[in-house]
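Asker: no sequence on hand, only this structure:
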């Protein structure tokens, strides 16, 4: 068992010293802060576009608990299994470019007011395992055959549900986190045309409600805002299989080895083309901001998704399977000659 805890006393952080204060709030279910929505109105000094300040902040931390069971080699058999659960929180992914780091942050009330949330590289849960068996049938002559099965299962790749566009008028696009209503009809929508089909406000409200209900994360955030990196992709589980054949060769009283190795990567995908396939978030930019109506409420259009049959519909599923060369099984063969000592 191993436990690691790391806390940042002076983590790297950025803020925009030239961002002016909010001018009010929205009406309706989402009452987040609103900014002036003009360059002059959002700047303290109109002659300066941005004044990104490098500073420090206290609070980010990382913790991880790992449990591992080992079975040492006995009569040719060995293996292990391990599980790690981690929590990793920070305010932003601070890089070397000040303006980009600040603008790419995700927030509710502007990027000068960030909440502690999941870090970009969080791996919440991870399982690993290995089972091997070696059969020897010779010393300096003869050979050996080794079979191994490896397993990795992980829940990683956190992502954010955000609003496309500049919802709060702070002159930064795509940085506002989605408000998750108690019911879909609490959010206002503008008509959306997809091809020859036009979706009404009621249809989008119903689709939004359905999307929230089927999403394991969003359904826990009703009446609240989605968190930065609050969503996690489903578990990705993969098996690798290898067979190693050693041929022992005696050269000047020394045992040399000619080795042939055969590996099948993502082997479970050979049995079922849905196994071992990674997934992606279908609609992280879940809402597209349109305008503010006369009642002071933000209005949106719901995100759409491209289905496997080629059709485009309103977003209705959180995840879709990827289809790349990394999501199918593959095989490789290797040859090695090991000189005796």
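Answerer: Now that the structure is in, tell me what you want to look at. What you are looking at is a predicted structure, and each value in this text was computed from that prediction instead of being measured.
Asker: show me the helices in this structure, by range?
Answerer: 98-103, 201-214, 268-271 (DSSP state H).
Asker: for the shortest one, packing partners?
Answerer: This points to helix 268-271. strand 236-251 (3 or more Cβ pairs under 8 Å, 6 or more residues apart in numbering; DSSP states H and E). C-betas here are computed from N, CA, C, even on glycine.
Asker: which elements pack onto the strand it packs on?
Answerer: On a contact count with 3+ Cβ pairs under 8 Å, 6+ apart, strand 236-251 meets strand 142-155, strand 254-265, helix 268-271.
Asker: try it again with 6 Å
Answerer: For strand 236-251, the elements it packs on are strand 142-155, strand 254-265, judged by 3 or more Cβ pairs under 6 Å, 6 or more residues apart in numbering; DSSP states H and E.
Asker: state the phi and psi torsions of residue 10.
Answerer: With angles defined as degrees, to the nearest 10, residue 10 sits at phi -130, psi 70.
Asker: now it. Nearest residue, chain neighbours left out?
Answerer: residue 56 (4.0 Å; Cβ to Cβ, 6 or more residues apart in numbering).
Asker: repeat that for residue 268.
Answerer: Excluding its sequence neighbours, the residue lying closest to residue 268 (Cβ to Cβ, 6+ apart) is residue 275, at 4.1 Å.
Asker: quick one: the one you found from residue 300, how far?
Answerer: The gap separating residue 275 from residue 300 is 37 Å, by Cβ to Cβ, to the nearest Å.
Asker: and if you look at residue 93?
Answerer: Counting by Cβ to Cβ, the gap from residue 93 to residue 300 is 26 Å.
Asker: what's the burial count for residue 238?
Answerer: The burial count assigned to residue 238 is 20, neighbours taken as other Cβ atoms under 10 Å.
Asker: distance of it relative to residue 193?
Answerer: Distance of residue 238 to residue 193, computed by Cβ to Cβ: 41 Å.
Asker: and the pLDDT at the nearest residue to residue 297 once chain neighbours are set aside?
Answerer: Leaving aside its sequence neighbours, residue 297 sits nearest to residue 28 (Cβ to Cβ, 6+ apart; 3.8 Å). Each residue has a pLDDT score; the one for residue 28 is 94.
Asker: go on, the one 5 residues further on?
Answerer: In the predicted model, residue 33 carries a pLDDT score of 97.
Asker: so who does it touch?
Answerer: 22, 25, 109 (Cβ atoms under 6 Å, 6 or more residues apart in numbering).
Asker: please name the nearest non-neighbouring residue to residue 12.
Answerer: Residue nearest to residue 12 in three dimensions, not counting chain neighbours: residue 94, with 4.1 Å by Cβ to Cβ, 6+ apart.
Asker: give me the neighbour count for the one you found.
Answerer: By the criterion of other Cβ under 10 Å, residue 94 has 19 neighbours.
Asker: quick revisit: buried members of the contacts of residue 33 into PyMOL, please.
Answerer: Buried residues within the contacts of residue 33, by 16 or more other Cβ atoms under 10 Å, are selected in PyMOL with:
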select buried, resi 22+109
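Asker: circling back: dump the helices of the chain to TSV, plus mean pLDDT.
Answerer: Output for these, formatted as TSV (pLDDT from 0 to 100):
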stretch	mean pLDDT
helix 98-103	94
helix 201-214	98
helix 268-271	95
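Asker: so which of those helices gets nearest residue 127?
Answerer: Minimum separation from residue 127 across the helices of the chain (Cβ to Cβ) falls at helix 268-271, 14.3 Å.
Asker: so residue 329 versus residue 205, what's the distance?
Answerer: Taken as Cβ to Cβ, the span from residue 329 to residue 205 is 43 Å.
Asker: many thanks, have a good one.
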